[in-house]
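>>> Fold the following, please.
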Amino acid sequence: MARPTGREYTGEAAKEFFSVLQAVAEAIPVPGFGAAVKVAANIMKACEESHATLERAQELKLRIKALVLTLVNELKGKKLDEIQAKIILDIEALKREMYYIETKLNDIASQHRLLIILFRSLNEDKVRKCVARLDTSIETFKLARNIEHSDLLTRLEQQISAFHAQQQRSLHDLQASVTSVQLTMDDVKAILDKRLPVGAPSSSPSPTRAVIPANTAIFYGRDSLVAELVGVIVGGSRQHICLMGPGGMGKTSTSLAVMNHPDVEARFPEHLRVWVPCVKAPSASLFIDTLRTSLAISNNSGNPLSDILSVLKTSPPMILLLDNFETPWNAKEGQSDAEQVLRNIHRIPHVIIFITLRSSSPPCSDIPWHRVNLQAVDAAAARDIYISLHPEGREDLDLARLLEQIGHMPLAATLMAKFAASTCLPAERLIEEYNSLGTAVMGQGLDAKTSMDVCIGLSVNSPLMRAHPAAFELLCTISMLPVGTTYDMLSKWWAKKLIGSLDILKETSLVEQRGSTYFALPVIQRYIFHPSRFFKPVHTSMIESACKFLKEHASVIGDELFKSHSEALSVEEGNLEAILLTATASDLHVIKDGFLLLARHQEHHTPRVDIVEHALSLVQTSDDNIHRGDLLLCYGEILAKLHQSSNSVKQLETALGLFLSVSDRKRTAECRLALSTVIREINGSTHKRRKIIREAQEDCKAIGDKDLAARCLLNLALTYRQDYDYHTALSLLQEAEPLFRAKNRYQHTVCSQSISTVHYYTGDYDPAYTWATSALDECASIGN
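Numbers count the residues shown, from 1 in each chain. Down below sits the predicted model:
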């Protein structure tokens, strides 16, 4: 027969204990008190059923235990005339709160499992409100009766048990019931945050130590790391191990592979390799209880930590695997108690501590850790994980792109492969589903191993994050910066609340740091972008900051700051593009100039059309012909550089029509010059080009723009050079050159280079060399 799990023991113990409490409550002569305890039992059951998906349900369950036990302990054995009238009124109010909480939990329980997952944050808010209302009741009873928590524990073990014994036929049956709830009583102690002697030890059979679970069946890409950590353990130099990283990276799988390695097994027998699952220990006291249970300690001196240390000191060499240590480490009451436990164990020279932790820095900096920050596996290992679960995807040409989008995270690859196997969708469709639905496509399970949302949510909704709301806002900010950014950029441009928040995000492994760059993993970004989670004001703020950054770095070739501005824009280009691509039509009043500035930068450096096409999609129905024309002009020039000349001409002609409709002669001239250049690239008629340029000259003359007039002369000269009329070409270039020299250094270099070319074609090599050298020197001086 399979041995019952710790959770099964706990569940049965809770049922027996609450049957005892209900029996005692029925004997208390306060109207409705027995009903209130019964409702409390129902709430406990609902919390237990929902704790896998709702983290705060466990907290609610523990608080209800503390409150009900306090009341039963105080009121048992009293007559009605011995109970204050205010207590009776308080109990009536409490009963109403209990009914309210029960109703809310039943609402959650009645939801479809998929809805519970998709709307987890909303359900967490409901439970959070329940906890808040319960806190009010707890505070009411504390103030009214001044019950000391330590006295409560003593009376629970002595007076409540004795009272119930009088109602039972067999004292032995009662003692068995009380003994069976030992773990539940320890939970209550954790809530009340004090410990007293707990009486005689249980007479039940001695439990066995928690053995290391079997290795994960699918495990790729960590062989060298496993070998490294095995070497640390068996190498002789005692060193603790701290394996850190975000959820889903495979910390537990890697640690199990190390603990089950033959070399480690040979050095440490099974009973000396102890697994301590910390995931359900949200406090230092519960962590101590979990450690005590894993070590199968039966003696009870009244000081659990002392019992643990006593066993460890007398034990042969041992390894403790503290898995998911972030749960007690990030507990609400702080880290000092957990630190003390670790330091006490560290002082025992023959015990090795092996921790897995969602963080970027280990606990207790004074402990000598072998630190490992676990990164994603490489592309080949991610592919192996995927193919092992979905062999049909082996030949899918889009598989590499899919795995890249999920950042080669082991859990993400696992869950995506399972989704592919169940839906038979190709990688291209999986990418579409992922972009549409986000991390919800990666598992609909109720725990961190079967749902990416649950896995990431454990960090996002951790006590540490809940205690620092500004950290979540910063996480939203960093999630909008896909290529990452530096601290200096964050503090100067992107984030308003940086102090402290960045440390919290690193502590919870929601943000990583590589070198000087901070970033969120792709799957975390996608999780955060879900509409139910993302903090909308961050989106608006980021768009405003992006536009401000673009405006402050706006310059044209030839400007003194062009080179430094271009370098700054190139570093942040991926982030700027990602931010602007999230803009909608409602953002146009803020982002209007930003699109054009980034598109112009890309035109000069890395021509691509995503930004300008997105901007054009937002202004389709706009009556702002100038703005639409500016975008089309830029679009046409980018297409020309991408050698899409026909489409370029189409866009430029549309832009020209818009500028003509508003009589903007400067923009009309600019557009005509761009059009003439594209026609030259496709070997169009020089006669047609000259006609367009002369029309541009008329525009320049009308508005008196000398720079544009000089550009017209330059473009006109190029048409004559194409027709081998070098004399006319040189005359026009010599007319344009002094105009550029005064106002447009970049165009002056173009003109100088053109003069050099004409001299070269006519065999005048000395002036050709002189003008070419001048052009090169000028290019260098302006950073082009």
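>>> The residue nearest the centre of the chain: what secondary structure?
For the chain, the residue nearest the mean C-alpha position is I524 (3.2 Å; CA atoms, centre = their mean). Following DSSP: H, G, I helix; E, B strand; the rest coil, I524 is assigned to helix.
>>> need the contact list for it.
For I524, the contact set (CB atoms under 8 Å, 6 or more residues apart in numbering) comprises P246, I456, L475, S479, L510. Placement of C-beta: from N, CA and C, glycine included.
>>> Quickly check the residues you listed for the two that are furthest apart.
P246 and S479 (13.1 Å; CB to CB).
>>> So which of these two has more stuff around it?
Neighbour count, other CB atoms under 10 Å: between P246 and S479, P246 has more, with 28 against 25.
>>> How is the more buried one assigned, secondary-structure-wise?
Applying three-state DSSP to P246 yields a three-state assignment of coil.
>>> and it, what pLDDT?
pLDDT for P246: 93.
>>> list the contacts for it?
Applying CB under 8 Å, 6+ apart, we find P246 in contact with R358, M409, S459, S509, L510, E512, L521, I524.
>>> Quick one: those residues as CSV, columns for distance to S545 and secondary structure too.
Shown next, in CSV, are the contacts of P246 (distance: CB to CB, whole Å; DSSP: H, G, I helix; E, B strand; the rest coil):
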residue, distance to S545, secondary structure
R358, 29, coil
M409, 29, coil
S459, 26, helix
S509, 26, coil
L510, 21, coil
E512, 22, strand
L521, 22, coil
I524, 21, helix
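>>> In a markdown table: these, plus distance to V612.
Shown next, in a markdown table, are the contacts of P246 (distance: CB to CB, whole Å):
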| residue | distance to V612 |
| --- | --- |
| R358 | 41 |
| M409 | 33 |
| S459 | 38 |
| S509 | 38 |
| L510 | 34 |
| E512 | 32 |
| L521 | 30 |
| I524 | 30 |
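>>> how about JSON lines for the contacts of I524, with distance to S570 added?
Converted to JSON lines, these look like this (distance: CB to CB, whole Å):
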{"residue": "P246", "distance to S570": "29"}
{"residue": "I456", "distance to S570": "31"}
{"residue": "L475", "distance to S570": "26"}
{"residue": "S479", "distance to S570": "22"}
{"residue": "L510", "distance to S570": "28"}
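>>> quick one: low-confidence parts of the stretch 201-350 of the chain?
201-207, 332-334 (pLDDT under 70).
>>> Can you show me the strands along the stretch 451-600 of the chain?
485-486, 512-514, 517-519 (DSSP state E, counting those that start in this stretch).
>>> neighbouring contacts of the second one?
When you say that, I think you mean strand 512-514. With CB under 8 Å, 6+ apart as the test, strand 512-514 has contacts from P246, S360, N373, G484, K506, Y518, F519, A520, L521.
>>> Try it again at 7 Å.
With contacts defined as CB atoms under 7 Å, 6 or more residues apart in numbering, strand 512-514 is touched by S360, K506, F519, L521.
>>> so how far is that strand from its chain's centroid?
Chain-centre distance of strand 512-514: 13 Å, with CA atoms, centre = their mean, to the nearest Å.
>>> Equivalent analysis for the first one, please.
Using CA atoms, centre = their mean, we find the averaged C-alpha position of strand 485-486 to lie 16 Å away from the chain's own average C-alpha position.
>>> mean confidence for it?
Summarised as a single mean, pLDDT over strand 485-486 is 93.
>>> on that earlier part again, mind putting the strands of the stretch 451-600 of the chain in TSV, mean neighbour count and distance to T749 included?
Below are the strands of the stretch 451-600 of the chain laid out as TSV (neighbours: other CB atoms under 10 Å; distance: least, CB to CB, whole Å):
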stretch	mean neighbour count	distance to T749
strand 485-486	18	34
strand 512-514	15	39
strand 517-519	18	35
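>>> which one of the contacts of strand 512-514 has the most neighbours?
Among the contacts of strand 512-514, the one with the most neighbours (other CB under 10 Å) is L521, at 26 neighbours.
>>> surely that residue meets Q405?
No - contact criterion CB atoms under 7 Å: L521 and Q405 do not qualify, at 11.4 Å.
>>> Let me know the closest of the contacts of strand 512-514 to Q620.
F519 (34.1 Å).
>>> List the contacts of the closest one.
I478, L481, G484, V511, E512.
>>> In space, what's closest to the fourth one - neighbours in sequence excluded?
Excluding its sequence neighbours, the residue lying closest to V511 (CB to CB, 6 or more residues apart in numbering) is L505, at 3.9 Å.
>>> Name all residues that make contact with that neighbour.
By CB under 7 Å, 6+ apart, the contact set of L505 is A471, L474, L475, V511.
>>> Quick one: mean pLDDT for stretch 596-604?
When pLDDT is averaged along stretch 596-604, the result is 92.
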